[in-house]
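Trainee: below: sequence and its predicted model.
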Amino acid sequence: MKRWLPLVLFVVLVGFFAKGLFLNPREVPSPFIGRNAPAFTLPLVGDANAAFSPADMKGKTWMLNVWAPWCVSCRQEHPLLMQIAQSGRIPIVGLNWKDKDREAAPLLARTGSPYVAVPEDLDGRVGIDYGVTGTPETYLIDQAGIVRLKHIGPISPEVWKTKFEPKLKELGA
Amino acid sequence: MKPGRIKPILLTILLAICLPALANEAAPKAALPNADDPVIEQRLVKLAEDLRCLVCQNESLAGSHAALAEDLRREIRTLMKAGKSDKQVIAYLTERYGDFVLYRPPFKPVTWLLWLGPVLFLGIGGGAWVMTLRRRRDAPTAPLDAKKRAAAAYLLEEK
């Protein structure tokens, strides 16, 4: 027994390191899960007279997708978002984050828009209120306006199936 | 030159090369340029040194050039100008980004092991040490028989 102790300790240590190796340091736990989605009112891209506020979505389960025209990995998830939008599974709001060159409208006209609304967060303040660290980030918000899920990085079909779908079922949406 | 001498010399050279680089890394430069209010800027730098940049996670919020770090410094500046205390600024950030922004994690149930772990391990090590010492002290010393005594005497004589 005594002879094996160093080996056992070594294996335990390697176990901890192995686990750490596969953790994603970008996946910072969001303090918003289970809390109300922060309120804001922002003008819409392409129509500065119209505004969007999360309160407009009360009664619906919806997704807030933080994206930007300059963000490359946002293009990666774009086809999937289009699919979700076309299937009518859940409405997606696309928060246009720090788009200083105002490229969102022409880009969406070219690629198609998966969004029901595209509020414009020019100085990134609303992003900060949501704890955004980079694009894309997606929040799943329930009918009562409570944040249920946050995903950092592009949504892949696998992420959608294993992370979002089960949560949506749980919420009865 | 004796081989034993080379190591310390190499080490000294290595340290001489590395230390200035380290000092340079630690200096929060990024927060300084737009200092229109030196008092607030100083408070900002002091506070932001203990905060993590969410983009380059090993950089402090004071030293990072990431766009988000700049935005967060702008927000902190605004809050400080509005008369908020350091505590309120930290609350503003942890409300949004969680305890992850703090380089000094708060002492609470989930971090108990983190804070007390070293003491715990020191205790385990110390306990093992004391036990080993006791066992050695209490171990019965076998009396020498004639044969062993003769062998010992022989060895001592030889010296």
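Mentor: Received it, and whenever you're ready, just let me know what you need.

Trainee: give the contact list for residue 61.
Mentor: As the question left the chain open, I've gone with chain A. Residues counted as contacts of A:Thr61 (CB atoms under 8 Å, 6 or more residues apart in numbering or on different chains) are A:Ile90, A:Leu140, A:Ile141, A:Asp142, A:Gln143, A:Leu168, A:Leu171, A:Ala173. Using the backbone N, CA and C atoms, a C-beta is placed for each residue, glycine as well.

Trainee: try chain B instead
Mentor: B:Ala48, B:Glu49, B:Leu51, B:Arg52, B:Cys53, B:Ala69, B:Leu72, B:Arg73, B:Val101.

Trainee: which residues of chain A lie near chain B?
Mentor: Listed as neighbours of chain B in chain A under the rule CB under 8 Å from any CB of the partner chain: A:25, A:28-31, A:98, A:123-125, A:128-131, A:133-134.

Trainee: greatest separation within those: which pair is it?
Mentor: A:Pro25 and A:Asp123 (26.9 Å; CB to CB).

Trainee: show me what the lowest-mean-pLDDT helix or strand in chain A is in contact with.
Mentor: The helix or strand of chain A with the lowest confidence, counting by mean pLDDT, DSSP states H and E, is strand A:47-52 at a mean of 89. The contact list for strand A:47-52 (CB under 8 Å, 6+ apart) reads A:Thr41, A:Leu42, A:Pro43, A:Leu44, A:Val93, A:Ala117, A:Pro119.

Trainee: using a markdown table, please lay out the residues you listed together with secondary structure and pLDDT.
Mentor: Compiled in a markdown table, these are given as follows (DSSP: H, G, I helix; E, B strand; the rest coil; pLDDT from 0 to 100):
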| residue | secondary structure | pLDDT |
| --- | --- | --- |
| A:Thr41 | coil | 95 |
| A:Leu42 | strand | 95 |
| A:Pro43 | strand | 94 |
| A:Leu44 | strand | 94 |
| A:Val93 | strand | 97 |
| A:Ala117 | strand | 95 |
| A:Pro119 | strand | 96 |
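
Trainee: out of these, grab the one that's most surrounded.
Mentor: A:Pro119 (23 neighbours; other CB atoms under 10 Å in any protein chain shown).

Trainee: so that one touches A:Gly46, yeah?
Mentor: No: A:Pro119 is not in contact with A:Gly46 according to CB atoms under 8 Å; the separation is 11.1 Å.

Trainee: and A:Pro106, how many neighbours?
Mentor: 11.

Trainee: ok, now the one 3 residues further on?
Mentor: By other CB under 10 Å, 10 other residues sit near A:Ala109.

Trainee: how about A:Val72?
Mentor: 9.

Trainee: what about it, distance to A:Glu137?
Mentor: The span separating A:Val72 from A:Glu137 equals 15 Å under the rule CB to CB, to the nearest Å.

Trainee: now B:Gln88
Mentor: Taken as CB to CB, the span from B:Gln88 to A:Glu137 is 26 Å.

Trainee: ok, these two, which is more surrounded?
Mentor: Each of B:Gln88 and A:Glu137 has its neighbours counted (other CB under 10 Å); A:Glu137 has more, 22 against 13.

Trainee: and the residue nearest the centre of chain A, what is it in contact with?
Mentor: Using CA atoms, centre = their mean, the residue of chain A that lies closest to the mean C-alpha position is A:Thr138, 0.9 Å off. By CB under 8 Å, 6+ apart, the residues touching A:Thr138 are A:Met63, A:Leu64, A:Asn65, A:Val66, A:Lys150, A:His151, A:Ile155.

Trainee: and the fifth one, what does it touch?
Mentor: If I follow you right, that is A:Lys150. A:Lys150 neighbours (CB under 8 Å, 6+ apart): A:Ser30, A:Phe32, A:Ile33, A:Glu137, A:Thr138, A:Tyr139, A:Leu140.

Trainee: partner strands of the helix or strand harbouring it and their direction?
Mentor: For A:Lys150, the enclosing helix or strand under DSSP states H and E is strand A:147-152. Partners of strand A:147-152 in the sheet, by DSSP bridges, are strand A:137-141 (antiparallel).

Trainee: pLDDT of the partner strand, averaged?
Mentor: In this model, strand A:137-141 has an average pLDDT of 96.

Trainee: what about that strand, distance to the chain center?
Mentor: Relative to its parent chain, strand A:137-141 has a centroid offset of 4 Å by CA atoms, centre = their mean, to the nearest Å.

Trainee: and what of stretch B:111-123?
Mentor: Using CA atoms, centre = their mean, the offset of stretch B:111-123 from its chain centre is 14 Å.

Trainee: list the buried residues in it.
Mentor: Neighbour counts over stretch B:111-123 (16 or more other CB atoms under 10 Å in any protein chain shown) mark no residue as buried.

Trainee: please apply the same query to stretch A:76-95.
Mentor: Applying 16+ other CB under 10 Å to stretch A:76-95 flags A:77-78, A:80-81, A:84-85, A:89-95 as buried.

Trainee: by neighbours, which of the contacts of A:Lys150 wins?
Mentor: Of these, A:Thr138 is surrounded by the most neighbours, 26 neighbours in total, counting by other CB under 10 Å.
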